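Colleague: just a sequence and a predicted model for now, questions to come.
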Amino acid sequence: MTEASEAAAQATPGSAAGDQPMHDVVVVGAGAVGLLLACLLARRGLRAVVLERRHAPDPAATPSRAIGIHPPGLRALAAAGVGDEVRRRAVVIRDGRVTCDGRTLGRLKFPRSGQVHSLPQREVEALLEERLDEARTVSLHRGVEVTGVTDRGTHLVVHAMDDGSPLHLAARYAVGADGIRSGIRSLIGADWTPRRGRASYVMCDTRDDTGAPETALLHFESAGVVESFPMPGGRRRWVARVRREPAVLDAAAVATMVEARTGSTFDTDAATAPTAFEAAQHVAHPMATGRVALVGDAAHEISPIGGQGMNLGWSDAVHLDRELAAALAAAAPIDVFAAYDRSRRAAALRATRQAAFNMRMGAPATGLRLRTRNAAVRVLGLPGLRGVLGRAFTMQWL
């Protein structure tokens with residue numbers, strides 16, 4: 001029997017709350033958002049457990065998903081106790097430049113308080129997990145798949161399989177941080193409502209030969225946008241919009257696409273294996289019910305174009321941490337998440353609208369549409385509007 005099983009052996013569905021080990025919170029999912037929430041709960045001294053289906057983190061060989069850490073996300077990481085280390089390891093993106101056919105359409109310089117930091121998601125998750133290892137009241141258990149949640153009125157019982165052994169954990173509250181295909185979202189019967197914005201992209205990381213190690217480069221070309229962002233270690237991420245996933249996807253294919261659209265090249269020998277993905281958008285309704293709440297990708301799927309999803313999830317965690325602390329301190333009624341549901345759904349809807357706008361701006365365009373788009377970019381780059389654009393780009397509205 002594992003440590004998690006031993007801790008929960010008495011927590012059977014029929015046990016009285018006073019006779020079983022009672023957790024304050026069970027967090028389902030040990031991704032970037034679930035780990036950050038767990039670190040916040042640990043700082044409050046709350047008793048929590050994180051259950052993760054995977055036996056190990058994603059291997060380092062796979063391309064990291066998100067890299068952009070916006071100011072609200074950095075504040076959340078600081079609250080979790082890893083902000084200084086993130087700053088030390090990350091590359092600062094100080095400005096951005098938009099071009100088309102080799103001509104600059106606009107520039108944007110971020111103020112010191114609004115700079116974006118670039119650090120691969122897997123490195124951030126490793127820092128959060130290291131921080132969690134030091135916690136006395138919160139533990140992480142891998143290889144555990146949640147199969148059900150029973151509401152006992154005064155508490156929940158979370159049912160799971162721990163490497164083939166049944167596991168039952170009692171908790172005051174549960175949080176689904178288990179990603180886009182969230183099982184917790186299904187268990188609480190939340191709708192997964194599609195939102196506008198869908199497009200396909202290819203992505204590749206390689207050595208940065210642009211000569212702009214602190215600049216985000218956006219090429220709004222007629223065949224579709226090509227974006228590139230600095231990464232730690234002298235690396236750069238390239239992302240290109242495509243009509244459909246290429247039949248042959250390798251670094252050479254992405255490099256050929258980038259060169260055809262922008263005239264820039266990159267070293268394919270130094271590149272990671274590229275990936276293709278479809279950006280889609282959904283928002284859960286509700287994001288909380290009874291004693292169960294959703295955070296991060298379990299609550300909302302946001303297009304990664306613009307780097308909003310992970311940061312929005314961290315903001316969810318900060319808000320939910322406060323709600324949980326207040327509920328546990330005051331023995332609040334089980335509808336304590338009503339305000340969280342309203343505020344985070346509103347934030348997610350704002351994020352989907354901004355992401356949909358970003359995707360429209362990066363769509364293939366020719367003729368009048370291309371000229372109109374380029375004119376709009378020039379207008380947005382005027383001094384009077386740069387501040388508004390900068391706040392939107394760096395998610396200061398969170």
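Modeller: On my side now, so go ahead. Numbers count the residues shown, from 1 in each chain.
Colleague: low pLDDT regions in the chain?
Modeller: 1-20, 59-64, 306, 332-334, 384-398 (pLDDT under 70).
Colleague: need the helices for it, in chain order.
Modeller: 3-8, 32-43, 71-79, 83-89, 121-133, 183-187, 251-262, 309-330, 338-361, 367-380, 383-393 (DSSP state H).
Colleague: relative to Arg107, which of these is closest?
Modeller: Of all those, helix 383-393 sits nearest to Arg107, with 8.4 Å by C-beta to C-beta. Every C-beta, even on glycine, is put in place using the N, C-alpha and C of the backbone.
Colleague: if we compare the helices of the chain, which one ends up closest to Val292?
Modeller: The closest of the helices of the chain to Val292 is helix 183-187. By C-beta to C-beta, the value is 6.7 Å.
Colleague: for Ser182, the count of nearby residues, please.
Modeller: 24 (other C-beta atoms under 10 Å).
Colleague: that one touches Gly176, doesn't it?
Modeller: Yes - taking C-beta atoms under 8 Å as the definition, Ser182 is a contact partner of Gly176 at 5.3 Å.
Colleague: overlap in contacts, the two.
Modeller: 29, 294, 298 (C-beta atoms under 8 Å, 6 or more residues apart in numbering).
Colleague: okay, and the beta partners of Ile285?
Modeller: Heads up, residue 285 is His, not Ile. His285 has these beta-bridge partners by DSSP bridges: Asp191.
Colleague: swap in the one 4 residues further on?
Modeller: Judged by DSSP bridges, the bridge partners of Thr289 are Val292.
Colleague: sorry, back to before: can you add distance to Phe110 and give the helices of the chain back as CSV?
Modeller: Output for the helices of the chain, formatted as CSV (distance: least, C-beta to C-beta, whole Å):
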stretch, distance to Phe110
helix 3-8, 44
helix 32-43, 22
helix 71-79, 9
helix 83-89, 15
helix 121-133, 20
helix 183-187, 35
helix 251-262, 23
helix 309-330, 15
helix 338-361, 17
helix 367-380, 15
helix 383-393, 6
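Colleague: which ones are touching the residue nearest to Tyr340 when sequence neighbours are not counted?
Modeller: Nearest residue to Tyr340 in three dimensions, chain neighbours excluded: Glu323, at 5.0 Å (C-beta to C-beta, 6 or more residues apart in numbering). Listed by C-beta under 8 Å, 6+ apart, the contact set of Glu323 reads 293, 336-337, 339-340.
Colleague: narrow the residues you listed to those that are buried.
Modeller: Burial by neighbour count, judged by 16 or more other C-beta atoms under 10 Å, picks out 293, 336-337, 340 from the contacts of Glu323.
Colleague: what is the nearest of the residues you listed to Met203?
Modeller: Ala293 (31.0 Å).
Colleague: now the residue lying closest to the closest one once chain neighbours are set aside: how far from Arg47?
Modeller: In space, and not counting its chain neighbours, Ala293 is closest to Phe337: 4.9 Å by C-beta to C-beta, 6+ apart. From Phe337 over to Arg47 the distance is 19 Å, taken as C-beta to C-beta, to the nearest Å.
Colleague: just give me the neighbour total for Glu211.
Modeller: Just so we're on the same page, residue 211 is Gly rather than Glu. Gly211, neighbours per other C-beta under 10 Å, totals 6.
Colleague: same check, this time on Arg181
Modeller: Each residue near Arg181 was counted by other C-beta under 10 Å, and the total is 11.
Colleague: gap between it and Ala298?
Modeller: 9 Å.
Colleague: for the stretch 101-250 of the chain, which segments are assigned as strands?
Modeller: With DSSP state E, counting those that start in this stretch, the ranges of strands along the stretch 101-250 of the chain come out as 103-109, 116-118, 138-142, 144-151, 156-162, 165-176, 191-194, 199-207, 215-221, 224-231, 235-242.
Colleague: would you format the ones you listed as TSV with distance to Arg88 and mean neighbour count included?
Modeller: Putting the strands of the stretch 101-250 of the chain into TSV (distance: least, C-beta to C-beta, whole Å; neighbours: other C-beta atoms under 10 Å) gives the following:
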stretch	distance to Arg88	mean neighbour count
strand 103-109	23	15
strand 116-118	10	24
strand 138-142	24	21
strand 144-151	33	18
strand 156-162	36	21
strand 165-176	29	23
strand 191-194	38	13
strand 199-207	21	21
strand 215-221	21	22
strand 224-231	15	23
strand 235-242	17	22
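Colleague: so which of those strands is nearest Arg87?
Modeller: Here strand 116-118 is closest among the strands of the stretch 101-250 of the chain (C-beta to C-beta), at 6.7 Å.
Colleague: who's in contact with the most centrally placed residue in the chain?
Modeller: Centre of the chain computed as the mean C-alpha position; nearest residue by C-alpha atoms, centre = their mean is Met310, 1.8 Å away. If you count contacts by C-beta under 8 Å, 6+ apart, Met310 has them with 32-33, 65-66, 68-69, 73, 121, 296.
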